[in-house]
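sequence and predicted model, in that order:
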Amino acid sequence: MPIPTEPIGSIPRPPELIAGMQQFATGRLSRDQFARLHEAAIRDTIVRFEATESPVISDGEQGKPSFATYPIHGLATLVPGGVTIPFADGHARQLPLLTVGPFRYQTYADAYLAAAQAQAHVPVKQAVIAASALSLLYPADGIRGYPRDAFHRDLVREVETDIRRCLAKGAHVVQLDFTEGRLSVKLDPTKRLLNRFVALNNQVLQRFTAEEQRRIGVHTCPGGDRDSTHSADVDYADLLPTLFELRATNFYIQCASEPDRGRVLRLIKEHAKAGQRIFVGVIDPNDPRVETPEEVRDRVLEAAEYIPLDRLGTTDDCGFAPFSDDTSTDRETAFAKIRARVAGTALAARALRV
């Protein structure tokens, strides 16, 4: 059986779609005009994705404003001024704040999944945002008449619904994006915040059966955006032991861009639990150079020294454009890197005779 390989999710949007998103947001483009741009971008993304021979693809998150805010985009109960996330290159992203309850999603991810499946000829995975990230929407001074516990109950229900709708539509895997895991250690070195994040996400995950959990995964990375990161300086030793407490089967772990991959792999070997499959990052989306299949092969062979073959998979370290306005990587480079991942994983499988 070949070594499984999957993308994380996002692919850089075509320039005309990025412009269309901005024009639609300001009322200069009609809903129908934007829908046509979106459909064209999905169609082109699926064709290019399948040409890489990737056995599992995504829609490239073409219609998402960002990996984190797609469920709340356009929600009238939000205001600016939430948590600010600084990146190493000096730029920052800021979340909004919730002003009133009850909390409800504006958009569920199965809408993106269905649009991709209508075009695809291979299995499609779907990324969703974790409850821990959206928990940051709640203001520190609270909301009158809507206590934090009530918000958390609503949040857990909405995230569960998001996952269930994708599973029901036949997603190959539903992947929870948990980039805030590593960031939480930077914000709170005591790791109390990390523990709260994992406990909140487990409130969602424990609502699924063991069979359903086999189709659920978790992605962790130091938060890629515009070829920069927000928490690469956080030691994986402070994250991985707690990360593997999450009640999911598949773990997609950034590794290619780590300065000491061997150390990360040793930590994974030490802390991953029986039955958890590890998709090791073998492609660095922040590096403009396209890896060769042979480089990928060697990274897979290195990982195989630590992770049993029946639990090993490969992936990209992160999505190529988690935010819709990220143009730091072009589409051609992203798909070339994906082709290298697919080809290199196949070379490793042959070398390992699996």
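Received the coordinates, thanks.

quick check: buried residues in stretch 221-237?
Of all the residues in stretch 221-237, those buried under the rule 16 or more other Cβ atoms under 10 Å are 221-232, 234, 236. From N, CA and C alone the C-beta is placed, and that goes for glycine too.

could I get these in a markdown table, plus columns for secondary structure, pLDDT and distance to R341?
A markdown table is the format used below for these (DSSP: H, G, I helix; E, B strand; the rest coil; pLDDT from 0 to 100; distance: Cβ to Cβ, whole Å):
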| residue | secondary structure | pLDDT | distance to R341 |
| --- | --- | --- | --- |
| C221 | coil | 95 | 15 |
| P222 | coil | 93 | 19 |
| G223 | coil | 91 | 20 |
| G224 | strand | 89 | 16 |
| D225 | strand | 90 | 21 |
| R226 | coil | 91 | 22 |
| D227 | coil | 90 | 18 |
| S228 | strand | 93 | 22 |
| T229 | strand | 93 | 20 |
| H230 | coil | 95 | 24 |
| S231 | coil | 93 | 23 |
| A232 | coil | 94 | 21 |
| V234 | coil | 94 | 25 |
| Y236 | helix | 97 | 21 |
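
which of the residues you listed sit farthest apart?
R226 and Y236 (22.7 Å; Cβ to Cβ).

and the helices in the stretch 251-354 of the chain?
261-271, 293-304, 331-352 (DSSP state H, counting those that start in this stretch).

quick one, which of the ones you listed is nearest to G90?
That would be helix 331-352 among the helices of the stretch 251-354 of the chain, by Cβ to Cβ, at 23.2 Å.

next one: the closest one to chain centre, how far?
Taking Cα atoms, centre = their mean, to the nearest Å, the mean C-alpha location of helix 331-352 is offset from the chain mean by 19 Å.

for A25, find the nearest of the helices of the stretch 251-354 of the chain.
Among the helices of the stretch 251-354 of the chain, if distance is taken as Cβ to Cβ, the winner is helix 331-352, at 22.0 Å.

could I get the buried residue list for that closest one?
For helix 331-352, the neighbour count (16+ other Cβ under 10 Å) marks 331, 333-335, 337-349 as buried.

now the angle from it to helix 293-304?
Computed by axes from the mean of the first three to the mean of the last three Cα atoms, to 10 degrees, the angle separating helix 331-352 from helix 293-304 equals 50 degrees.

for helix 331-352, packing partners?
helix 31-51, strand 277-283, helix 293-304, strand 312-316 (3 or more Cβ pairs under 8 Å, 6 or more residues apart in numbering; DSSP states H and E).

quick one: mean pLDDT for the last one?
Per-residue confidence for strand 312-316 averages out to 98 on the pLDDT scale.

hmm, who's touching it?
3-8, 250, 252, 256, 277-283, 285, 296, 300, 303-304, 337-338, 341, 344-345, 348 (Cβ atoms under 8 Å, 6 or more residues apart in numbering).

same check on the third one?
Surrounding helix 293-304, the residues in contact under the criterion Cβ under 8 Å, 6+ apart are 3, 255-256, 261-262, 265, 278, 280, 282-283, 312, 314, 340-341, 343-345, 347-348, 351-352.

tell me which residues touch G81, please.
Here G81 is in contact with 94, 96-97 (criterion: Cβ under 8 Å, 6+ apart).

and the residues you listed, which are buried?
Applying 16+ other Cβ under 10 Å to the contacts of G81 flags 96-97 as buried.

identify those among the contacts of G81 that sit within helices.
Using DSSP state H, no member of these falls in helices.

now do the contacts for F335.
Contacts of F335 (Cβ under 8 Å, 6+ apart): 11, 48-49, 51-52.

against Q94, how distant is it?
31 Å (Cβ to Cβ, to the nearest Å).

quick one: R144 and A150, what's the gap?
Taking Cβ to Cβ, one finds R144 at 12 Å from A150.

which of these two has more residues huddled nearby?
Higher neighbour count among R144 and A150: A150, with 14 against 9, using other Cβ atoms under 10 Å.

how far does stretch 43-62 stretch from start to finish?
The first and final residues of stretch 43-62 sit 10 Å from each other (Cα to Cα, to the nearest Å).

how far does that stretch sit from its chain's centre?
16 Å.

would you indicate which residues of it are buried?
Here stretch 43-62 shows 44-46, 48-49, 52, 54, 56-62 as buried, counting by 16+ other Cβ under 10 Å.

just these now: which is nearest H121?
Nearest to H121 among the buried residues of stretch 43-62, with distances taken as Cβ to Cβ, is I46, at 8.4 Å.

can you map out the strands along the stretch 101-250 of the chain?
Assigned by DSSP state E, counting those that start in this stretch, the strands in the stretch 101-250 of the chain fall at 126-129, 174-177, 216-220, 224-225, 228-229, 250-253.

one step back: of the contacts of F335, which is the nearest to A111?
The nearest member of these to A111, counting by Cβ to Cβ, is I11 at 17.8 Å.

is it true that K191 touches R182?
No: K191 is not in contact with R182 according to Cβ atoms under 8 Å; the separation is 11.3 Å.

of these two, who's got more company?
Per other Cβ under 10 Å, whichever of K191 and R182 has more neighbours is R182, with 26 against 16.

what about stretch 80-96, distance to the chain center?
18 Å.

tell me the bridge partners for the residue positioned nearest the centre of the chain.
In the chain, the centroid-proximal residue (Cα atoms, centre = their mean) is D177; its distance is 3.8 Å. With DSSP bridges as the criterion, D177 is bridged to I129, H219.
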